[in-house]
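S.K.: Only the shape, not the letters, is given here:
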């Protein structure tokens, strides 16, 4: 999960935006994500087929995985295939035909994600699970109890891809230029680290506060 950008404005005095910083910030393209949770009445088909996780590179969702066996407080995980369970599914909405770079593909994927109806998403979910688990006796009309779709058009922070992105000297990466202090504004988020992780966001918050107080 990505983390929301935070900034602090001490006063209203600002200098004109520096063009290299403007250009660097424009490269912070988010990776659009669709996180789906499907509640099943049982997982007999998974057990019969010997599956716990499925990778589907050509499918609508790239990953389908049974919920982790975690119990917490009064919540108990599913102990057997006759009990209900949640299937977690992930779709990274990039469109390879939109352009040669990941940023172009992510922008097009965001548009597709926002313009896709939930009816279409549900149909894709049911069709994919039926195709994957049908030989194990899975029936989506019978076995699916509920579906929750989390549509994150602004998902993960962009991270450097050495296959397509230029090589930069330290201090010259777009996220490093983009996060530079602007007057009395300091930027802190995972985009400023070029990594979509919570530890990156925390580290950047520590850095930004230090810039303002140091």
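M.R.: Now that the structure is in, tell me what you want to look at. For clarity, every value in this text was computed on a predicted model and none was experimentally measured. Residues are numbered from 1 along each chain as shown.

S.K.: which one is residue 207 nearest to, not counting chain neighbours?
M.R.: residue 188 (7.0 Å; Cβ to Cβ, 6 or more residues apart in numbering). Bear in mind the C-beta positions are built from the backbone N, C-alpha and C, glycine included.

S.K.: now this structure, which segments are flagged as low pLDDT?
M.R.: Applying pLDDT under 70 to the chain picks out residues 1-17.

S.K.: I'd assumed residue 203 was in contact with the residue nearest to residue 207.
M.R.: No: contact criterion Cβ atoms under 8 Å: residue 188 and residue 203 do not qualify, at 9.0 Å.

S.K.: So for those two, which sits in the more crowded spot?
M.R.: Neighbours per residue, other Cβ atoms under 10 Å: of residue 188 and residue 203, the larger number sits with residue 188, 24 against 16.

S.K.: I'd like to know how far residue 86 sits from residue 27.
M.R.: Computed as Cβ to Cβ, to the nearest Å, the residue 86 to residue 27 distance reads 36 Å.

S.K.: If you count surrounding residues, which of those two has more?
M.R.: Higher neighbour count among residue 86 and residue 27: residue 86, with 18 against 15, using other Cβ under 10 Å.

S.K.: Confirm that one sits in a strand?
M.R.: Yes: the assignment for residue 86 by DSSP: H, G, I helix; E, B strand; the rest coil puts it in a strand.

S.K.: ok, now which ones touch it?
M.R.: 37, 38, 39, 40, 66, 67 (Cβ atoms under 8 Å, 6 or more residues apart in numbering).

S.K.: Burial check on residue 212, number of neighbours?
M.R.: 13.

S.K.: Tell me which residues of the helix or strand containing it come out buried.
M.R.: Using DSSP states H and E, residue 212 sits within helix 198-213. Buried residues in helix 198-213, counted by 16 or more other Cβ atoms under 10 Å: 200, 201, 203, 204, 205, 207, 208, 211.

S.K.: Kindly report the same for stretch 43-59.
M.R.: Under 16+ other Cβ under 10 Å, the buried positions of stretch 43-59 are 43, 44, 45, 46, 49, 51, 54, 59.

S.K.: So for the lengthiest strand in the chain, what gets flagged as buried?
M.R.: In the chain, assigned by DSSP state E, the strand with the most residues is strand 144-156. Neighbour-count burial for strand 144-156 flags 144, 147, 149, 151, 152, 153, 155, 156 (criterion: 16+ other Cβ under 10 Å).
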